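J.: please find the sequence and the predicted model below.
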Amino acid sequence: MPGEIKNMESETALTRLFAVITKPRVFIQTHNYPDQDALASAYGLQELLRYRGIDSVICYQGDIDKANTITMTETLGLEVFDVDDLQIREDDEIILVDGQKGNVNLEELVGNEIACIDHHPMQDISTYRFYDIRKVGACATIIAEYFLENEIPVSRNVATALSYGIKMDTANLMRQTTVTDIDMFCTMYKMADIAMICKFESHSLILNDLDAYREALKDLKIYGQSIGMANVGADCSEAMMGTLSDFIMSLDEVDFSVVYSYRAGGLKLSVRSEIENADAGVIVRRALAGYPGGGGGHARMAGGFVANLTEEQAEETEYIVKERIIKMVGECTNTVK
């Protein structure tokens, strides 16, 4: 067929993925409240599947709630759907992208999760027919490599999305970046629409986002010599929490940041770390141990959620979780009393 991958005898990760798909249409599911990397990865995978003659639907739970992500989605004309608006059956096949089963930020759907492509710490992989979970800075890096190693043409829009996804998830190639991330970014960037990326960059905030910055600055406290923590107000969006956590990390006095918000009937946390021995994913997971929900993520970037709380209970939980985090970071740095 016209879209057949060259050298099928020479097995690549992508050809192994194709081998486990049995339906003419699959669902590509990102983590909840998808960011630029998740959507770029899903879009790139959708194009790879289309090249192979497989139809796909990109879906997620929650909202696309950051200005530049919305601009990216609209400018590229991405067709993405909230899972609540779809009819997914038990025998439908789902490919997870930039997330894994068992993560608190990935909605469990009724379909069959046959495959997973991700760059977060590995969870239970026993139910997948295929998985490609690597320690790279961005999931878009993995998708970009699929195009190159299988000699599949990359459209200008796909190259734009993938380069932007890599750029954003690695914080301009400065966070958890590998040689592969750099190689894939450079390759995709050469084929990308630079004016379009500049447009994404120039639409990073909306006016209401300034309220969240105000809340963060008003509540920000520094613990020990390097831990910055702030309550950013109720119902702060997922994306804005990550932005504010990065913002606090930009302070010279902060090497570990935590922002939190009462939202969706629980306590949501966004965590960043630049302390070598203080793994953000491990620390937030341990800090939330015993609570409904959970946490996890990368060594430098993580998040968590405690579910089913009233606002009063959230305040009590907030105090306990903060104390746990301060203690654990202190044990890593020997600086917090």
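T.: Right, received. Where do you want to start? These figures come from a predicted structure and were not determined experimentally.

J.: run through the bridge partners of Leu269.
T.: Tyr260, Gly304 (DSSP bridges).

J.: quick check, Val43 in a strand?
T.: Careful, residue 43 is Tyr; it's not Val. No. Tyr43 is assigned helix when assessed by DSSP: H, G, I helix; E, B strand; the rest coil, not a strand.

J.: what sits against it?
T.: Ile58, Leu76, Leu78, Val158, Ala161 (CB atoms under 8 Å, 6 or more residues apart in numbering). Bear in mind the C-beta positions are built from the backbone N, C-alpha and C, glycine included.

J.: so Ser245 makes contact with Val271?
T.: Yes. When contacts are counted by CB atoms under 8 Å, Ser245 is listed as touching Val271 (6.7 Å).

J.: so what's in contact with those two at the same time?
T.: Ser257, Val258.

J.: which of these two has more residues huddled nearby?
T.: Taking neighbours as other CB atoms under 10 Å, Ser245 and Val271 compare with Val271 leading, 30 against 26.

J.: that one sits in which helix or strand?
T.: strand 266-273 (DSSP states H and E).

J.: now the element after that strand, going C-ward?
T.: For strand 266-273, the succeeding helix or strand toward the C-terminus, using DSSP H and E, is helix 280-287.

J.: now that next one: average pLDDT?
T.: The average of the pLDDT scores along helix 280-287 is 96.

J.: buried residues in it?
T.: Neighbour-count burial for helix 280-287 flags Ala280, Gly281, Val282, Ile283, Val284, Arg285, Ala287 (criterion: 16 or more other CB atoms under 10 Å).

J.: got it, and stretch 105-122?
T.: 105-107, 109, 111-121.

J.: hmm, back to that, which helices and strands does the strand holding Val271 pack with?
T.: helix 238-249, strand 256-263, helix 280-287, strand 293-297, strand 301-306, helix 311-333 (3 or more CB pairs under 8 Å, 6 or more residues apart in numbering; DSSP states H and E).

J.: where exactly do the helices run in this protein?
T.: Here the chain has its helices, by DSSP state H, at 13-20, 36-51, 67-76, 139-149, 156-169, 179-191, 194-202, 209-219, 238-249, 280-287, 311-333.

J.: of all these, which lies closest to Asn231?
T.: Asn231 lies closest to helix 209-219 among the helices of the chain, at 4.5 Å (CB to CB).

J.: so what touches that closest one?
T.: So helix 209-219 is contacted by 67, 230-233, 236-237, 240, 243-244, 247-248, 259 (CB under 8 Å, 6+ apart).

J.: which among the helices of the chain is found nearest to Val83?
T.: Across those, closest to Val83 is helix 36-51 (CB to CB), at 13.0 Å.

J.: what comes up buried for the closest one?
T.: In helix 36-51, counting by 16+ other CB under 10 Å, buried: 36-49, 51.

J.: and it with helix 139-149, angle?
T.: Helix 36-51 and helix 139-149 are oriented at 30 degrees to each other (axes from the mean of the first three to the mean of the last three CA atoms, to 10 degrees).

J.: quick one: mean pLDDT over helix 36-51.
T.: On average, helix 36-51 scores 98.

J.: with stretch 292-306 instead?
T.: What stretch 292-306 shows for mean pLDDT is 93.

J.: buried ones in that stretch?
T.: 293-306.

J.: so which of those comes closest to Ser226?
T.: Of the buried residues of stretch 292-306, the one sitting nearest to Ser226 (CB to CB) turns out to be Arg300, at 14.4 Å.

J.: quick one, what contacts the closest one?
T.: With CB under 8 Å, 6+ apart, Arg300 has these contacts: Arg175, Gln176, Arg272, Ser273, Glu274, Ala280.
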